[in-house]
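Q: Sharing a model prediction with you, sequence too.
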Amino acid sequence: MSFRLHPNISVRKLTIGAEKAPLLVLDNFIGEPERLVERATSKSFAHGGRFYPGIRARAPLQYKQFLLEQLGGLLGDYFQLGSKRLSFSMCHYSLVTKPAQQLEWMQRIPHIDTVQSNRLASIHYLFREPYGGTAFYRHRSTGYEVVDEGRRLEYFSTLQKETEDPGFTGDGYINGDTPFFERVHAEEGVFNRMLIYRSNSLHSGSIDRDFAPDPDPRSGRLSINSFIDAK
């Protein structure tokens with residue numbers, strides 16, 4: 001399975017929030033994205049782990065190679081990674097399948113994937129329905145939009161105390177401002193759009209409370225999610 005860039009690809013280089021975190025938005029990313037959707041239909045999806053509210057399956061190896069070949073220079077420059085070698089620690093098809101009412105508390109608030117600044121996260125939207133995109137947040141009490149190693153202890157100890165408040169989480173996916181988090185930026189989930197950002201930026205999927213989960217890759221909230229490490 002070979003890939004090529006879409007002839008109408010466009011790239012937006014953004015800095016978001018008060019802390020000016022870098023964000024890349026690539027529209028019309030890959031040529032013939034429908035082939036990726038069809039490949040997903042032949043995959044065996046499994047539980048995505050404690051934190052992901054859905055199921056996952058490995059993305060094609062050729063997809064990972066394509067990303068590194070086509071985006072390696074852009075990522076190195078924009079995220080100031082220097083000449084470090086890029087590699088994947090995860091690259092999976094992902095389908096959100098958990099109803100809002102069944103979420104655990106940690107799935108109802110923004111999260112980081114790591115405190116390391118040399119890991120990037122990407123999400124490649126492969127759905128056409130209005131299933132929502134991805135938003136980035138500021139933690140009100142600490143003011144943090146990015147949680148690195150130096151902020152880890154303060155952030156998570158403060159968060160632990162806040163969980164004792166009955167109103168800490170809402171009754172579904174976070175999708176906008178709350179008393180504890182402020183949304184600083186949002187991108188819609190547009191078919192064949194890719195977002196790339198540092199994994200230690202506070203973020204969450206923007207999903208309505210009435211979202212109806214669908215486990216079919218052709219019609220569900222399908223994406224490819226990756227972690228890219230610079231070493």
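A: Done, it's in. Just so it is clear, the model here is predicted, and its values are computed rather than measured.

Q: Does residue 51 touch residue 105 like I think?
A: No: between residue 51 and residue 105 there is no contact under Cβ atoms under 8 Å: 11.3 Å. Where C-beta positions appear, they are placed from N, C-alpha and C, glycine not excepted.

Q: could you pull out the helices for the protein?
A: 34-40, 61-78, 152-162 (DSSP state H).

Q: Of those helices, give the one that comes closest to residue 132.
A: Across the helices of the chain, residue 132 has its closest neighbour in helix 34-40 (18.1 Å, Cβ to Cβ).

Q: What residues of that closest one count as buried?
A: 36, 37, 39, 40 (16 or more other Cβ atoms under 10 Å).

Q: Let me have those residues in JSON lines, adding pLDDT and distance to residue 175 as columns.
A: As requested, those are exported to JSON lines (pLDDT from 0 to 100; distance: Cβ to Cβ, whole Å):
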{"residue": "36", "pLDDT": "97", "distance to residue 175": "26"}
{"residue": "37", "pLDDT": "98", "distance to residue 175": "25"}
{"residue": "39", "pLDDT": "97", "distance to residue 175": "30"}
{"residue": "40", "pLDDT": "98", "distance to residue 175": "25"}
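
Q: As TSV, those with distance to residue 153 would be great.
A: TSV is the format used below for the buried residues of helix 34-40 (distance: Cβ to Cβ, whole Å):
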residue	distance to residue 153
36	40
37	42
39	42
40	40
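
Q: which of these lies closest to residue 64?
A: residue 36 (12.4 Å).

Q: For that closest one, list the residues it contacts.
A: 30, 60, 63, 126, 224 (Cβ atoms under 8 Å, 6 or more residues apart in numbering).

Q: longest strand of the chain?
A: What stands out as the longest strand in the chain, according to DSSP state E, is strand 86-96.
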